[in-house]
Every structure is written in structure tokens, then in C-alpha cells.
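S.K.: Structure for the following, please:
(chains A and B)
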Amino acid sequence: AQSVTQLDSHVSVSEGTPVLLRCNYSSSYSPSLFWYVQHPNKGLQLLLKYTSAATLVKGINGFEAEFKKSETSFHLTKPSAHMSDAAEYFCVVRVGPGSQGNLIFGKGTKLSVKP
Amino acid sequence: DTAVSQTPKYLVTQMGNDKSIKCEQNLGHDTMYWYKQDSKKFLKIMFSYNNKELIINETVPNRFSPKSPDKAHLNLHINSLELGDSAVYFCASSQDLATYEQYFGPGTRLTVT
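M.R.: Sure, this is the predicted structure:
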């Protein structure tokens, strides 16, 4: 069965320091993986996506993620955190082949950024 | 220009009532979705519609019924509301079922008292 596990429910960093949000997946198919961000009282916004092209994926706002098949991981990173990065981040796997796919969300990681 | 919009943003109602949440997308997408986000921020898909036909109906109670008057709208009607229905409901759309990227609305926070 396909699933996604976010290893940390809460990550706290200082402004200007690196961000690492961890995600592991399980998929019977070649997976499509995404990171979404949800700012307080806002909808979800797509940060980046992996769909079997380059394993290092660059997204918006300086975020990037690396697909590692051997580790079944898709961790999200950013070299330097900004106060505006404080939000909830969701790792998502697309379940099923082709047009039958459905999105399965992880339980989210809350990122706090201290001044 | 809001790509995916939902109304209302907040909805407070009593148990047993019937309520609807509206969703509209102006992106010209063929597929629309409804998600439920519980108090622990866990998101789960409820329905998806492709060209006005229900494609996925996850294990949600039949008190929930999606209605799509046209390709740009997917409304969610809920009968006999229960306390456990309290959540944030998100509408989303994608170009089609094969397109991975989904665009989300701002959410509707439903509180059942």
C-alpha cells in the first residue's frame, strides 16, 4: 500500500539557518511526490514536485527536495530560513498509476522560525 | 483573480442541520476535488469530479453529496450534520485526472455545535 510518513511533527529553526523537513514514502509504483505548504488560515500551495525526471527538484521560495529511491526518502530543504517560511508543510504521494492516481497526504510538519 | 474560491470561509451550525459549501475554479480545469482536514491537520480526499462525473468516492458517509452544476463548480452538500463533521474542507482542481498538480482553495472551516 502507498503511504507517506513525515518524521517530525514540529521543527523549529532560527532565521538564517538551514531547514530540513523529512519525508519517507512507500509506493508499489514509481512514485510521484510533492511538497505542499499551508500558511496559517490559508489554503495549500504547491512547493515542488517530483515526477520521475531529475532527482533534485527545485521549488518556489528557495526550497528544494531530493528523491532518493534507495532510502525511499524525499526530504525538503532550504539553505536559509526566513520568518515567512513559518507554516505547515505536507509531503504527498500520488497513489496509483496514470489517470487513476489519488493524492495521499502526510500528517504535516509545522515549521517554526525564531528571530 | 482567485483561481479556486470557496464560500463561506467560516460556517457555524447546529447538529442535525443541512448545509452546503460552494467551490468555483476559473482555471478551465476538468477535475475538481473535495478534501477534509481534521483537527490534527490530516488531509484526506473525499471526492473528485471529472467532467461532471464522480470518479472517486472515498469511504465518506452518504450524508455528504457533491454536486457539480458545471465544470467550473463543485459544491458539497452535507445532510444531518454531526459533531464529527467539524473540520476544514478544501476544494481543489487540476487540469485533468492525469495532471499531478492540484490548486487548492482557501478552505471552509465548519464548526458543528
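
S.K.: and the least confident helix or strand in chain B by mean pLDDT, which residues are buried?
M.R.: The helix or strand of chain B with the poorest confidence is strand B:53-57; it has a mean of 76 (mean pLDDT, DSSP states H and E). By neighbour count, and taking 16 or more other CB atoms under 10 Å in any protein chain shown as the criterion, strand B:53-57 has no buried residues at all. Heads up, the C-betas are built off the backbone N, CA and C, glycines and all.

S.K.: For it, name the packing helices and strands.
M.R.: With contacts taken as 3 or more CB pairs under 8 Å, 6 or more residues apart in numbering or on different chains; DSSP states H and E, strand B:53-57 sits against strand B:43-50.

S.K.: Pull the strand it packs on out as CSV, backbone CA atoms only.
M.R.: The C-alpha trace of strand B:43-50 is given here as CSV (Å, rounded to 0.1, in the frame of the first residue of the first chain):
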residue,chain,number,x,y,z
LEU,B,43,-5.9,15.8,4.9
LYS,B,44,-8.0,13.2,3.3
ILE,B,45,-9.6,13.2,-0.1
MET,B,46,-13.4,12.9,-0.1
PHE,B,47,-14.5,13.2,-3.7
SER,B,48,-13.2,14.1,-7.2
TYR,B,49,-15.2,15.0,-10.2
ASN,B,50,-14.0,14.8,-13.8
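
S.K.: tilt between that strand and strand B:53-57?
M.R.: 160 degrees (axes from the mean of the first three to the mean of the last three CA atoms, to 10 degrees).

S.K.: Could you tell me how far strand B:43-50 lies from the centre of the chain?
M.R.: Chain-centre distance of strand B:43-50: 7 Å, with CA atoms, centre = their mean, to the nearest Å.

S.K.: packing partners for it?
M.R.: Packing contacts for strand B:43-50, counted by 3+ CB pairs under 8 Å, 6+ apart, involve strand A:102-105, strand B:31-37, strand B:53-57, strand B:64-70, strand B:73-78.

S.K.: Next, the angle strand B:73-78 makes with that strand.
M.R.: Angle of strand B:43-50 versus strand B:73-78, following the same axes, to 10 degrees, is 130 degrees.

S.K.: ok, the least confident helix or strand of chain B: who's next to it in the sheet?
M.R.: Strand B:53-57 has the following sheet partners, assigned by DSSP bridges: strand B:43-50 (antiparallel).

S.K.: Can you pull out the residues in contact with the partner strand?
M.R.: Residues lying outside strand B:43-50 but in contact with it, judged by CB atoms under 8 Å, 6 or more residues apart in numbering or on different chains, are A:44, A:90, A:102-103, A:105, B:30-38, B:54-58, B:60, B:64, B:66, B:68, B:74, B:76, B:89-90, B:96-97.

S.K.: ok so, going back, who's in contact with the least confident helix or strand of chain B?
M.R.: For strand B:53-57, the external contacting residues (CB under 8 Å, 6+ apart) are A:Asn102, B:Thr31, B:Ile45, B:Phe47, B:Ser48, B:Tyr49, B:Pro66, B:Leu97.

S.K.: thought A:Thr51 was touching B:Tyr100?
M.R.: Yes: the criterion here is CB atoms under 8 Å, and A:Thr51 meets it with B:Tyr100 at 6.0 Å.
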